[in-house]
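>>> sequence-free structure coming up:
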């Protein structure tokens, strides 16, 4: 299964448009053999890139209006068989493209003794290609700053058609950056328009994005999709909550774009101003950046405050540039919420968090994604790490794309281990939401006592200090861990515009 023997260091540098030998030693005279090797490497990189983009073009649509009333694209209702055919076709072309255009992937193929031709379908990918972890990418980013070599957007592509640079949050280590091209942008717009249309947004709905347009994918993804759909936008970045509440009251947008924690905060601000968010013009809240719809109490609290429908917009930086998970009209109508995952552009699977081996259909595992819709950041089996259960059963909405049942309920990276007891921040959130009259924000503070014992304090907002005992009991029941609860007045804890920081781990820091 081993790939052909090549002059790997030279070919890898050419695949990324940089000759490292000249970078270190200046221009030098190359032998005819070296010149031939470089030419061959460059030719293979260009050829596989052209083949990959040809496949992407084959399935790309440039829509500005939906395919039908219910679906932005006919791909939304493809059969399971058709979805798998397209996935297999893309993977067969993607593996050689990654081998010739990414030093990270080439080195991994070679190290594993796997040839690109050994990864030619979903089944062969699962059999022959181990899961790629964030730790591998972080090590590559450290070894090859500032961009790493896991991307297929090199200096030539960035100079010729570069569009935007995005970055992971870095909450679990070294931030990983990803450069995308305008070619990627066109694919991004369509995928995200499909997601927003599925969630209910229609012509005439004015959107009010209340997010900072930093190097993170959520805000930009929604913005470009709204533009493609022809929906008007009222920019809301850089304003405080009172100013935003005033804009909602004055200009009556129908769509909010924000994180779940900010939706709660803004609703409380409006109430303090004498405005009723449930009586406002808002009918859709597009939310991303944090889990919410799979957390009992949080979804109901947001919808109750606003009297509006929430729309899930789920994704991650590494397998962008587009939304992966999204709502449909049936997502929140049954006993268990769920999201769809867009399978013609991504392959989704769940694995055991410890062994990284696939779990059975319907079993809870952590998500792994193969991205099949990007020139700059296609990935094979990247460990996203969010917990869910996958179902391939058809949905009543008419879509056959896989569903994440219970939505996404915590990332494996967020797991807290306190004195050998493991639990997730979302379990603490569930306990807080179960407490009557509790405020919207909370914090989890982990520390080490002088005697060496690790302890946890949960800070929650409430008008009654006696609520501490009830919350301690609720947390002990849900997480099987004892903690101290500190009650503060509602509105005391800081509010976040983007992802809320709620876990503060100071263990072992003196």
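It's in. Model, not experiment: these values are computed from the prediction. Numbers count the residues shown, from 1 in each chain.
>>> output the below-cut-off pLDDT ranges for this protein.
Residues of the chain that meet the criterion pLDDT under 70 lie in 1-38, 40, 169-174, 321, 410-413, 496-498, 510.
>>> could you point out the helix or strand that follows the strand of greatest length in it?
Criterion DSSP state E: the longest strand present in the chain is strand 379-391. As assigned by DSSP states H and E, the chain's next helix or strand after strand 379-391 is strand 403-405.
>>> ok, that next one: who's next to it in the sheet?
Strand pairing for strand 403-405, using DSSP bridges, gives strand 338-341 (antiparallel), strand 379-391 (antiparallel).
>>> quick one: contacts of that strand?
325, 336, 338-341, 348, 362, 367, 388-393, 395 (CB atoms under 8 Å, 6 or more residues apart in numbering). In short, each C-beta sits where N, CA and C put it, glycine included.
>>> chain center to that strand, what's the gap?
Mean-position distance between strand 403-405 and its chain equals 15 Å (CA atoms, centre = their mean, to the nearest Å).
>>> so how far is the following helix or strand past that strand off the chain centroid?
Later in the chain than strand 403-405, the nearest helix or strand by DSSP H and E is strand 416-418. Strand 416-418 has its C-alpha centroid displaced from the chain centroid by 24 Å (CA atoms, centre = their mean).
>>> so what strands line up beside the next helix or strand after strand 416-418?
Per DSSP H and E, the first helix or strand lying C-terminal to strand 416-418 is strand 421-423. Counting by DSSP bridges, the strands paired with strand 421-423 are strand 416-418 (antiparallel).
>>> may I see the buried residues of the strand it pairs with?
416, 418 (16 or more other CB atoms under 10 Å).
>>> what does stretch 384-402 give?
So, applying 16+ other CB under 10 Å, buried residues of stretch 384-402: 384-390, 395, 397, 399-402.
>>> which of those residues sits closest to residue 429?
Proximity of those to residue 429 (CB to CB) peaks at residue 387, which lies at 14.1 Å.
>>> surely residue 121 touches residue 92?
Yes. Using CB atoms under 8 Å, residue 121 is in contact with residue 92, at 6.6 Å.
>>> what about the strands in the stretch 1-150 of the chain?
According to DSSP state E, counting those that start in this stretch, the stretch 1-150 of the chain carries no segments that qualify as strands.
>>> got it, and the stretch 251-400 of the chain?
In the stretch 251-400 of the chain, the segments counted as strands under DSSP E, counting those that start in this stretch are 255-258, 284-287, 309-314, 325-326, 338-341, 346-351, 364-371, 379-391.
>>> for the residue nearest to residue 90 when sequence neighbours are not counted, which residues are in contact?
Distances taken as CB to CB, 6 or more residues apart in numbering place residue 372 nearest to residue 90, at 4.3 Å, with adjacent residues excluded. By CB under 8 Å, 6+ apart, the residues touching residue 372 are 87, 90, 91, 94, 344, 345, 346, 347, 378.
>>> redo the strands paired with strand 403-405 as CSV? Include distance to residue 484.
CSV is the format used below for the strands paired with strand 403-405 (distance: least, CB to CB, whole Å):
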stretch, distance to residue 484
strand 338-341, 35
strand 379-391, 27
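>>> among those strands, which is nearest residue 66?
Among these, strand 338-341 comes nearest to residue 66, with 16.1 Å by CB to CB.
>>> if you count neighbours, what's buried in that closest one?
By neighbour count with 16+ other CB under 10 Å, strand 338-341 contains the buried residues 338, 339, 340, 341.
>>> hmm, back to that, columns neighbour count and distance to residue 357 on top of the contacts of residue 372, output as TSV?
What follows is the contacts of residue 372, written out as TSV (neighbours: other CB atoms under 10 Å; distance: CB to CB, whole Å):
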residue	neighbour count	distance to residue 357
87	20	20
90	25	24
91	23	20
94	28	23
344	22	26
345	26	25
346	26	20
347	25	16
378	27	23
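>>> how about the residues you listed in TSV, adding distance to residue 454?
Output for the contacts of residue 372, formatted as TSV (distance: CB to CB, whole Å):
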residue	distance to residue 454
87	45
90	47
91	45
94	44
344	46
345	43
346	38
347	39
378	41
